[in-house]
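Visitor: Output the structure for:
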Amino acid sequence: MPNTSYVQSFAVPNYSGALFAKGNTATPFISMIAGKTKYTNSVKFVLGQEYTTEEGAIPAISEDASVTGVTATYITTAQKFNVTQIFMEAVAISYAKMSNMATLGGINVAGQIEQPVSQLDFQVANKLKKIARSLEKTCIQGIFNEATTDVTINKTRGMNEAIVTNTLDIDGRSISIWDINEIIEKIHNQGGDTTNLTFWCDGVTLNQLNADCINNGLTVAPANRNENGISVTKLMLPQGDISIVRGEFIPSGTAFIFNFDVIAPVEQNVPNMGNFFLELLAKTGAGESYQIFGQFGLDYGMEWMHGKITNIKTTFNKPTSVQGTYTVTSAAITLTFDKNNASATGSASPVTVAATVGVDSAVRASAVGTLALSGYTFLGWATSSSATAIDYASGDDITIGSTQGKAGLSASTTIYAVWESNT
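Guide: Numbers count the residues shown, from 1 in each chain. Coordinates of the predicted model:
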């Protein structure tokens, strides 16, 4: 049996031609926090301290009570922390492979050279790409564990597990701009900074968001901003502008709102070696073995500076564009105006209005038209024939053909005239 841990001549043949990487190597989260590295000489590192502020209240203290004073209270703080964890990869190349790089397999044309030229450099570069993807996944999906023995594993806490305060479950529907707006409000109410937030989502959620923006007359526009090679777009909301980035390793049906101003990578260097270094191991035969070793943790600040939206619909149906309107279905609905009294003369105008479910239509509630009822005054319209109070005044807009993120009548409905006796 060949030694499968070593790069050897027949197991890894050389070819000519350009090299193309197959597979995803994107690391947007790691790229966004690059250049802000912190260092620790302990596996356990501090994120900060937090405390809960006391709510303001209207006092109710009499003069007599003020003489004896009020009961003293105090505020406690809690220290938050995370841990670094080990990342390792190994590379081994036989001497025979090192000396046999000019032997080419496959189709060859005179004058072509082998690719890669250096098998060691090629293997190490790809191990580093794998580590980078592992770091990316850990930053999002990492589940915390603090080792208590030499055989247990330290695991750094990722953003998905970390965020517990500002969360929103949207019950399996497509995302709306108002969901993002609500999370921003939650962050604000916790005392977090909302001036430089980033919406972090997968491709399905990004498509849903774009459709909802079109439906609401908004546009996801380039922000003329590039964060360490990551192109950032921007959306303007009532709670403020928010950047938008398509992320990696996002749990299904989940999206995040990150404050990257408080997120940083934490590295734990080995004295005189550094971190994520390549080291030649002891020789055991006709070849060379190397290992890459590094220790990494995530500092995300206080978790309530970020937000998370869960239970997002995990599919997206491409919209049918009707003058820029997002159409979900084509079922017809009808809104009917009923004069609600057999003795009433004349008719409402209009009597019926047709619309389509999924196409947003604002219909103006009928004015009194030619309706008249002796001894009564017309008040407006209601969804119940026995109502004494109106749901819609004459001239109000009634939304029919409910669309994503908008309330409205989504089934055929009759509304009734409300009459008030003059006596």
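Visitor: rest of the way, CA atoms for contacts and neighbours
Guide: OK.
Visitor: how about low-confidence regions in this structure?
Guide: Residues of the chain meeting the criterion pLDDT under 70: 1-4, 6-24, 101-117, 219-232, 319-333, 348-370, 395, 397-411.
Visitor: Pop the domain breakdown of it in here.
Guide: Domain assignment of the chain by automatic domain parsing yields the ranges 15-52+77-156+267-299, 164-263+302-310, 322-421.
Visitor: Make JSON lines from those and add distance to residue 70 and mean neighbour count to it.
Guide: Shown next, in JSON lines, are the domains of the chain (distance: least, Cα to Cα, whole Å; neighbours: other Cα atoms under 10 Å):
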{"stretch": "domain 15-52+77-156+267-299", "distance to residue 70": "21", "mean neighbour count": "15"}
{"stretch": "domain 164-263+302-310", "distance to residue 70": "28", "mean neighbour count": "18"}
{"stretch": "domain 322-421", "distance to residue 70": "49", "mean neighbour count": "17"}
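Visitor: Export these as TSV, with columns for distance to residue 58.
Guide: Below are the domains of the chain laid out as TSV (distance: least, Cα to Cα, whole Å):
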stretch	distance to residue 58
domain 15-52+77-156+267-299	19
domain 164-263+302-310	20
domain 322-421	37
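Visitor: quick one, which of those domains is nearest to residue 67?
Guide: domain 15-52+77-156+267-299 (29.3 Å; Cα to Cα).
Visitor: In space, what's closest to residue 53 - neighbours in sequence excluded?
Guide: Spatial nearest neighbour of residue 53, excluding adjacent residues (Cα to Cα, 6 or more residues apart in numbering): residue 75 at 7.6 Å.
Visitor: ok, now how distant is that neighbour from residue 50?
Guide: Computed as Cα to Cα, to the nearest Å, the residue 75 to residue 50 distance reads 10 Å.
Visitor: The stretch 1-150 of the chain: strands as residue ranges?
Guide: In the stretch 1-150 of the chain, strands defined by DSSP state E, counting those that start in this stretch lie at 15-16, 38-39, 44-50, 78-83, 85-94, 114-115, listed in chain order.
Visitor: which stretch among the ones you listed comes nearest residue 378?
Guide: strand 44-50 (60.0 Å).
Visitor: Show residues contacting that closest one.
Guide: The contact list for strand 44-50, computed with Cα atoms under 8 Å, 6 or more residues apart in numbering, reads 77, 78, 79, 80, 81, 82, 83, 84, 299, 300, 301, 302.
Visitor: Show me what the third one is bridged to.
Guide: For residue 79, the beta-bridge partners under DSSP bridges are residue 49.
Visitor: how near is it to residue 396?
Guide: With Cα to Cα as the criterion, residue 79 and residue 396 are 55 Å apart.
Visitor: got it, and the fourth one?
Guide: When distances are taken as Cα to Cα, residue 80 and residue 396 turn out to be 53 Å apart.
Visitor: ditto for residue 58
Guide: Applying Cα to Cα to residue 58 and residue 396 gives a distance of 40 Å.
Visitor: Then residue 250?
Guide: In terms of Cα to Cα, residue 250 sits 43 Å off from residue 396.
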